[in-house]
Structures are given as C-alpha cells and as structure tokens.
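[1] sharing a model that was predicted from the sequence below.
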Amino acid sequence: ASVKQSSGRSNGNTPSANIKLYNLSQSTLNRMVGNAAVVLKAGFDTDVELPLIFVGQVERVFTNRVGSDNVTTLLCKEASNPLKNVIFNKSFPENQTYNFILLQIIKAFQDNGVPLGGFEESDRSIQSITEASAYNNKVGKVLSEVCDEIDYLWFISKGRLYVQPKELDRPTEFVTIAPQNVIGTIRPNDDKTALAAKDKNSKASGIKVDTFLNGEVGLNTYIKISEGAFEGDYKPDSIEHKLNWYSGPWQTSIQSQRIKEFATNTI
C-alpha cells in the first residue's frame, strides 16, 4: 500500500491510498466495491494497538492477473463519499458570525461520518457577515468558499476534519522521531537549507526524513527531532506511508517545516 497526505496551503487536501491485495477469495472480492469503507491499520509486533494509517472510501477497484497472482487494486480517498455526494444548502442572515456558519458546515460533515478533529477560532472567525448569504453546493466547496473569505484552511487527516487560520500550524500532539528509527540521514528540503535548522543564518528550515513505518504521524501532528543537527519541532507538509509486507519498504517519508507559531484547539 501507498498512503499519501499533503497539506499545501490550499483548502480541501484529503489523503489518498493505493492498496493492492493479493489472491482474494471470491467472497472477499464481492465486498470490494466503489464507496465501500476502508480502514487501514499497520505497525509492529511491539505496538499495543496498531496505529491508524488511513480511513476513507473506495473510489475505484479493479483486479489484474500479475504472474501467478490475482492483484486487486483499491484507489481510495478520505471523506470521498461526503465530498462527492453531500450538498450544503443553507441561508444565513446579515450579522451572522463566521463561527456559526463554519460550525453548521462542520456539522454537515459530522452528520455524514467525518468527525471534527479541531476547529480554531480567531478574531476573523468571530466577525459577522455584512449581508445575507446563501450557499447551495457540495459541502467541501462551500467550506472552501467560506474559509477563503476569512483566510482559513481546512483539511482532513485520518478521517477527521480540521478547520483553522492559514497562518497557524496544525494543532494536536507531538510524535517524537528517535534517532534509531531514522532510515539514512535527515536532509534539508532544498539547497537553501544547507545549514542546520537551528542555525539562525539558515534562510529556510524544511527537512526530509525517512523512518520505519510510523502510523502516529499525520497532518494533524507535529514531529519532534530529538537530537542532532536538525533537532527541533516541525510540522509535516507531506507524508507517504509505504507498506510492503513481503519485500519492503515498510516506512514513512516526511517532508516538514520548522514550527513558527503553535496553534491550540479551542473547540
């Protein structure tokens, strides 16, 4: 399997997964249909509970013969069904706050199986709209429209919805990357980051790091490099989990930026 998450600085980035399953029974194949729910957990024997890697729905499924194997491929996306099928149709009067409108849209996601991971208030979200507004579109497009009006960002990670100001880092917990779990070396994101991230003369502070599979890492987490030249706290910009039980790799690749300002959950 390959599971990809990418935040960027635009609205509506949702993780995708490409999952290949080998030599399934016919009864199992019958369950592999479009819009079916998919929950992928993976980790190690030492995990008390396997970490959640992906939760979403099947967008496409097909089976091909590869050598002596029948390989079934699932192309999946988080919150696929609500984003494709749920229409948000509501009107709001003049002087209604953006907070209230956002919470109504969030409720539409929740009512359709996408729980809230975090909603961050700000001085922009407590402002009121200056004229009556009506929305009638797919719920993701409406959320993007409202977020754009107040320079907000929304994304989905591990099946949960997050809504916050664009300039803030993503809230929630830290995941520590221990040196013994790093594959190879930690690298700068580009040539501008040739200096260690903690060096004041470094113009940029992005890093790339490969680790043994770590399902605790997500767009909703920070990562902490515990020691070395790039010691510090970072927020992931993109994550890719690669799972191959038989021949590898079994690892997580992370691109991230040093944290500038911490966000905290208010709701």
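    That came in fine, so what should we check first?
[2] which residues of this structure fall in helices?
    Secondary structure of the chain, counting by DSSP state H: helices at 26-29, 80-85, 98-111, 139-149.
[3] how about the longest one: buried residues?
    By that I understand helix 98-111. Tyr98, Asn99, Ile101, Leu102, Leu103, Gln104, Ile105, Ile106, Ala108, Phe109 (16 or more other CB atoms under 10 Å). Every residue, glycine included, has its C-beta placed from N, CA and C.
[4] can you check what angle separates that helix from helix 139-149?
    Interaxial angle, helix 98-111 versus helix 139-149 (axes from the mean of the first three to the mean of the last three CA atoms, to 10 degrees): 160 degrees.
[5] report all helices and strands that helix 98-111 contacts.
    The elements that helix 98-111 packs onto, with contact taken as 3 or more CB pairs under 8 Å, 6 or more residues apart in numbering; DSSP states H and E, are strand 87-92, strand 116-119, helix 139-149, strand 160-165.
[6] repeat that for the first one.
    Using 3+ CB pairs under 8 Å, 6+ apart as the contact test, no helix or strand touches helix 26-29.
[7] show residues contacting that helix.
    Applying CB atoms under 8 Å, 6 or more residues apart in numbering, the contact partners of helix 26-29 are Thr63, Thr72.
[8] quick one, phi psi at the most far-flung residue of the chain relative to its centre?
    Relative to the centre of the chain, and counting by CA atoms, centre = their mean, the farthest-placed residue is Ser68 at 35.6 Å. Reported as degrees, to the nearest 10, the phi and psi values for Ser68 are phi -100, psi 0.
[9] for it, give its distance to Trp250.
    Ser68 sits 24 Å away from Trp250, going by CB to CB, to the nearest Å.
[10] kindly report the same for Glu227.
    Distance from Glu227 to Trp250, by CB to CB: 24 Å.
[11] circling back to that earlier point, if I look at the residue farthest from the centre of the chain, how far off is Ile156?
    Applying CB to CB, the value for Ser68 to Ile156 is 38 Å.
[12] neighbour count: Glu227 and Trp250, which is higher?
    Trp250 (15 against 9; other CB atoms under 10 Å).
[13] pretty sure the more buried one is touching Lys242, no?
    Yes: counting by CB atoms under 8 Å, Trp250 does reach Lys242; the two are 7.2 Å apart.
[14] what residues are shared contacts of the two?
    Both Trp250 and Lys242 are contacted by Leu213, under the criterion CB under 8 Å, 6+ apart.
[15] related to what we said a few turns ago, now the helices of the chain as TSV including mean pLDDT and distance to Phe54?
    Shown next, in TSV, are these (pLDDT from 0 to 100; distance: least, CB to CB, whole Å):
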stretch	mean pLDDT	distance to Phe54
helix 26-29	92	18
helix 80-85	91	12
helix 98-111	96	18
helix 139-149	95	18
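[16] may I see these arranged in CSV, with distance to Phe174 as well?
    Putting these into CSV (distance: least, CB to CB, whole Å) gives the following:
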stretch, distance to Phe174
helix 26-29, 38
helix 80-85, 29
helix 98-111, 25
helix 139-149, 26
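[17] longest strand in this protein, by number of residues?
    Secondary structure assigned by DSSP state E gives strand 52-66 as the longest strand of the chain.
[18] walk me through which strands it pairs with, and which way each runs.
    strand 37-41 (antiparallel), strand 69-77 (antiparallel) (DSSP bridges).
[19] packed most tightly, which of these would that be?
    Across the strands paired with strand 52-66, averaging neighbours per residue (mean count of other CB atoms under 10 Å) puts strand 69-77 on top, at a mean of 17.
[20] hmm, who's touching it?
    Residues contacting strand 69-77 (CB under 8 Å, 6+ apart): 14-24, 29, 32, 38, 54, 56-65, 83.
[21] from these, list the buried ones, please.
    Buried among those (16+ other CB under 10 Å): 14-17, 19, 21, 32, 38, 54, 56-59, 61, 83.
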